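[1] Kindly return the folded structure for what I paste below:
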Amino acid sequence: MTDRTRRDIVAAAGATASLTLAGCLGGGDSNAEAEAVALADHPLGENLGDWPHLGPDPFEAPATLVVLDDPSCGRCAAFHQGTITELQSEYVASGDLAIAVRPYPVVYAWGEPAAHALEATQARDDAAFWDLLDHYFTEQSSFGTDNVLTKTETYLENNTDLDATAIADDARSEAFADRIDATLSAGEEAGAGDITPATFAFVDGTLKTSFNGSQSTTTVTTALEL
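    Got it, this is the predicted structure:
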């Protein structure tokens, strides 16, 4: 990172938000009294159209879920493999819901280089971004700071047509650090702190509530009025 380290940013967020437990959570609370802010004016709305998303344009969808994920977070994996998969099947496919995901590395140390690799991958191919994110979630126990980029390069080389070496090199040099910095700063401003997954539910372009930790499909669909 350029100006502040990852831990500097999330420490500042933890000091200003009511989210004091580090890491990912098995469950969490909704912010029932979230201020009704338009997505376009929300900290996570800036340049959101340039970030990976499933379904319709996040600014035009009837409902939009913005998710801050750490690829090293076990509850993020559970949330995606359960709730996000179910939402995608029923609501994204119908055009009723957009799901935008931004890498937010605040849990285990290997999540930060993985986030850089995700950014470098998404810059080249959106579909490969989702495949790599799923790979991190599925194989979390096999990754560490000493092997994450080597294993990432091997995975991309074997499963995509992308230049895997160039992506790993970009991750090592933090070529897309500005994007990660922007997400960390936006998460700080939005009150996400250092708990993942952090999700923000928008209905008709207006923030309805936010969640900390993994949530059930029913909880999310209720918040999204789906």
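[2] use CA for all of it now, contacts and neighbours both
    Noted.
[3] thinking residue 138 is in contact with residue 77, fair?
    Yes. Contact criterion Cα atoms under 8 Å: residue 138 and residue 77 qualify, at 7.2 Å.
[4] neighbour count winner among these two?
    residue 77 (24 against 15; other Cα atoms under 10 Å).
[5] in the sheet, who's paired with residue 66?
    Judged by DSSP bridges, the bridge partners of residue 66 are residue 100, residue 200.
[6] contacting residues for residue 220?
    residue 201 (Cα atoms under 8 Å, 6 or more residues apart in numbering).
[7] phi, psi of residue 56?
    Dihedral pair for residue 56: phi -70, psi 170, per degrees, to the nearest 10.
[8] how about the closest residue to it other than its chain neighbours, secondary structure?
    Sequence neighbours aside, residue 98 is the residue nearest to residue 56 in space, at 5.4 Å (criterion: Cα to Cα, 6 or more residues apart in numbering). Residue 98 carries the three-state label strand when classified by DSSP: H, G, I helix; E, B strand; the rest coil.
[9] who are the neighbours in contact with residue 98?
    Contact analysis of residue 98 by Cα under 8 Å, 6+ apart lists 53-58, 61, 63-65, 92.
[10] Out of the residues you listed, list just those in strands.
    Among the contacts of residue 98, DSSP state E puts 53-54, 63-65 in strands.
[11] helices and strands of the protein: which one bottoms out on pLDDT?
    helix 6-16 (a mean of 43; mean pLDDT, DSSP states H and E).
[12] what about the strands in the protein?
    Ranges of strands in the chain, per DSSP E, are 23-24, 53-54, 63-69, 97-103, 195-196, 198-203, 206-212.
[13] Quick check: which of those strands is nearest to residue 116?
    strand 97-103 (8.5 Å; Cα to Cα).
[14] gap between that closest one and the chain center?
    7 Å (Cα atoms, centre = their mean, to the nearest Å).
[15] Out of the ones in strands among the contacts of residue 98, which comes closest to residue 171?
    Closest to residue 171, out of all of the ones in strands among the contacts of residue 98 and judged by Cα to Cα, is residue 53, at 21.0 Å.
[16] Next, count neighbours for the closest one.
    Residue 53, neighbours per other Cα under 10 Å, totals 21.
[17] again, but for residue 35
    If you count neighbours by other Cα under 10 Å, residue 35 ends up with 11.
[18] what do you get for residue 63?
    Counted with other Cα under 10 Å, residue 63 comes out at 27.
[19] In contact with it, which residues?
    96-98, 201-205, 224-226.
[20] these two touch, right, residue 38 and residue 205?
    Yes. Residue 38 is within contact range of residue 205, at 5.6 Å (criterion: Cα under 8 Å).
[21] out of those two, which sits in the busier spot?
    Set residue 38 next to residue 205 and count neighbours by other Cα under 10 Å: residue 205 wins out with 21 against 17.
[22] Tell me who's in contact with the more buried one.
    So residue 205 contacts 38-40, 59-64 (Cα under 8 Å, 6+ apart).
[23] how does it look with 7 Å?
    Residue 205 sits next to 38-39, 59 when contact means Cα atoms under 7 Å, 6 or more residues apart in numbering.
[24] where does this structure dip in pLDDT?
    1-23, 25-34 (pLDDT under 70).
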